[in-house]
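# Pasting a predicted model and its sequence here:
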Amino acid sequence: MKEKWKKIFSKDHKLMYEGFVVDGMPYGTGTSYYENGNKCQEGVFDEKGLVHGREYYMNGNLRFEGAYTKNKGRGPNYPTFGTCYDEDGNEIYYGELTIRKLGDMGFPKIVKPEEFGFIPPKAGPDFLRRVWEPEEYKPRGVFYVKARGREREKLVGFLERNGFKCGEDEITTRESTIASRYPLEIRFENMEYGHIHTVTSSAAAEASRKTFRVDEFMDIFEYSFAYVIV
C-alpha cells in the first residue's frame, strides 16, 4: 500500500505520531510524541521502529542521535551507533553501542553505555509497543457492524481514512454498502469493507458473534490502532 502522511491519536485524542503511514502503522519519515506533547522519537521508521533518527527524554532533552539496527527477533529496532546524552543534555557516549539479547526471542538490551536505559524509552507512549508488536493488538478476521443512515456513512468514511477500501464486485460498491440495510462486512486481512447481501447471511453473521454495534466496533478499533486521521 502506498505511504500516506497521517496523524495517529490515542484514545483520549492526544497526538502520538505524525508522519508517513502504511497499513495503519508508521513507515517512513515521522515523529512520535509523549503524552505531555514533547517529542519521543523522530526520523525514518519501519515496521519495527526507528531506522535512523533521534530519541528524546520526556523532558524534551535529546537522548540519542544516530543509526539503528533492524531487529529480526522480538522487540523493536535498537540503536547501534551514535551519540547518547543524559537527561540534563550532557553527552555521555559516542560510538558503537553494545547490546545483548534477552530470552529465547532475543529482546535487545543496551549494555554499553549502561546509562542508556530501556528500549523503547520506559516512559514512552503505548503507541511504541504497537509499532514493534503490532500483531498483539491488530484485530483479525471479519467483523460485521450494524449501522444505518448517517451513522453508516460516517463509519465508511472513517474506514477509508484509515486505509480500508471497498471490496467491489458485481454486487458490492461503495454506494450499495452505504445504502444496504444489512451489516457492513469489514475484513482486516486485506483492509477491505463491503456489505452482507441476504437475510440468511445476516443471520449467520449474528450467530458467529462477530456482529457489533458501531460503538462496540470503535472500542475494538481504538484499542488496536488508535485514531488515524488524514
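That came in fine, so what should we check first? Worth saying up front: this structure is predicted, and the values here are computed from it rather than measured. Numbering: from 1, shown residues only.

# How is the chain divided into domains?
In the domain annotation for the chain, the residue ranges read 4-134, 138-229 (automatic domain parsing).

# Please determine how far Gly117 is located from Ala67.
Distance of Gly117 to Ala67, given as Cβ to Cβ, to the nearest Å: 18 Å. Every residue, glycine included, has its C-beta placed from N, CA and C.

# rewinding a little: got a markdown table for the domains of the chain, with mean neighbour count too?
Listed next are the domains of the chain as a markdown table, based on neighbours: other Cβ atoms under 10 Å:
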| stretch | mean neighbour count |
| --- | --- |
| domain 4-134 | 17 |
| domain 138-229 | 16 |
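
# I'd like those written out as JSON lines, with mean pLDDT added.
Compiled in JSON lines, these are given as follows (pLDDT from 0 to 100):
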{"stretch": "domain 4-134", "mean pLDDT": "83"}
{"stretch": "domain 138-229", "mean pLDDT": "83"}
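
# Distance-wise, check the residue nearest to the spatial centre of the chain relative to Tyr144.
Centroid-nearest residue in the chain: Met25, 4.0 Å away (criterion: Cα atoms, centre = their mean). From Met25 across to Tyr144, the span is 24 Å (Cβ to Cβ).

# same thing with Thr31?
36 Å.

# try Gly60
Applying Cβ to Cβ, the value for Gly60 to Tyr144 is 45 Å.

# Please apply the same query to Lys165.
As judged by Cβ to Cβ, Lys165 and Tyr144 stand 18 Å apart.

# just Trp5 next, same as before
Per Cβ to Cβ, Trp5 is found 31 Å from Tyr144.

# Using CSV, write out every CA atom in the strand or helix carrying Gly30.
Counting by DSSP states H and E, the element that carries Gly30 is strand 25-33. Taking C-alpha atoms only, strand 25-33 is exported to CSV below (Å, rounded to 0.1, in the frame of the first residue of the first chain):
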residue,chain,number,x,y,z
MET,A,25,1.4,1.8,11.0
PRO,A,26,4.3,4.2,10.8
TYR,A,27,6.6,3.6,7.8
GLY,A,28,8.9,6.4,6.5
THR,A,29,9.7,9.8,7.9
GLY,A,30,7.7,10.7,11.1
THR,A,31,7.7,11.8,14.7
SER,A,32,6.2,10.1,17.8
TYR,A,33,5.2,12.0,20.9
